[in-house]
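Peer 1: Provided below are the primary sequence and the corresponding predicted coordinates.
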Amino acid sequence: MSILLKRAYEPPSRSDGCRILVERLWPRGLSKQRVKIDLWAKEAAPSAVLRRWFNHDPAKWTEFKRRYVRELRAHPAAWEPILERLRAGRVTFVFASRESRRNNAVALKAFLERER
């Protein structure tokens, strides 16, 4: 099971495998043709309340991950389709954040790697 991470603003490549957008909101300024996703996993993204609370504050990262995992555990139907895609091959989580080390795609990847 291989999960790659890529910003939505980076061009897609053949090595991405199945591209899954892991955001509730569509990335600003991008067309669907440019992003080229295979699945939009809106429900697997953090809730709007959690996303606004976190606001990419590095000091809140640990607590954000804990709260996000709690949301994910409460809604397995949101991430089970992602696990199915993972079992079929390489997956790339597409995210919008400029922050590459502390974002929901990083947290979701860690969660799913434990769940497999």
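Peer 2: Perfect, I can see it now. Numbering: from 1, shown residues only.
Peer 1: For the lowest-mean-pLDDT helix or strand in the chain, which helices and strands make contact with it?
Peer 2: Ranked by mean pLDDT, DSSP states H and E, the helix or strand of the chain with the weakest confidence is helix 32-35, at a mean of 88. Helices and strands in packing contact with helix 32-35 are not found; criterion 3 or more CB pairs under 8 Å, 6 or more residues apart in numbering; DSSP states H and E. (Glycine included, C-beta is placed from N, CA and C.)
Peer 1: and the next element down the chain from it?
Peer 2: For helix 32-35, the following helix or strand on the C-terminal side (DSSP states H and E) is strand 39-40.
Peer 1: what's next to that next one, contact-wise?
Peer 2: If you take CB atoms under 8 Å, 6 or more residues apart in numbering as the criterion, strand 39-40 is touched by 18-21, 81-82, 85.
Peer 1: among those residues, which ones are buried?
Peer 2: 18-21, 82, 85 (16 or more other CB atoms under 10 Å).
Peer 1: Quick one: those residues as a markdown table, columns for secondary structure, pLDDT and distance to residue 59 too.
Peer 2: Converted to a markdown table, the buried ones among the contacts of strand 39-40 look like this (DSSP: H, G, I helix; E, B strand; the rest coil; pLDDT from 0 to 100; distance: CB to CB, whole Å):
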| residue | secondary structure | pLDDT | distance to residue 59 |
| --- | --- | --- | --- |
| 18 | strand | 96 | 34 |
| 19 | strand | 97 | 31 |
| 20 | strand | 98 | 29 |
| 21 | strand | 97 | 27 |
| 82 | helix | 96 | 29 |
| 85 | helix | 93 | 33 |
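Peer 1: Name the member of these with the shortest distance to residue 56.
Peer 2: Relative to residue 56, the closest of these is residue 21; by CB to CB it sits at 18.0 Å.
Peer 1: Assumed residue 4 was part of a strand.
Peer 2: Yes: under DSSP: H, G, I helix; E, B strand; the rest coil, residue 4 sits within a strand.
Peer 1: so it bridges to which residues?
Peer 2: Beta-bridge pairing of residue 4, defined through DSSP bridges, involves residue 92.
Peer 1: Tell me which helix or strand comes right after whichever strand or helix holds residue 94.
Peer 2: Counting by DSSP H and E, the element that carries residue 94 is strand 91-95. Following strand 91-95 in sequence order, the next helix or strand is helix 104-115 (DSSP H and E).
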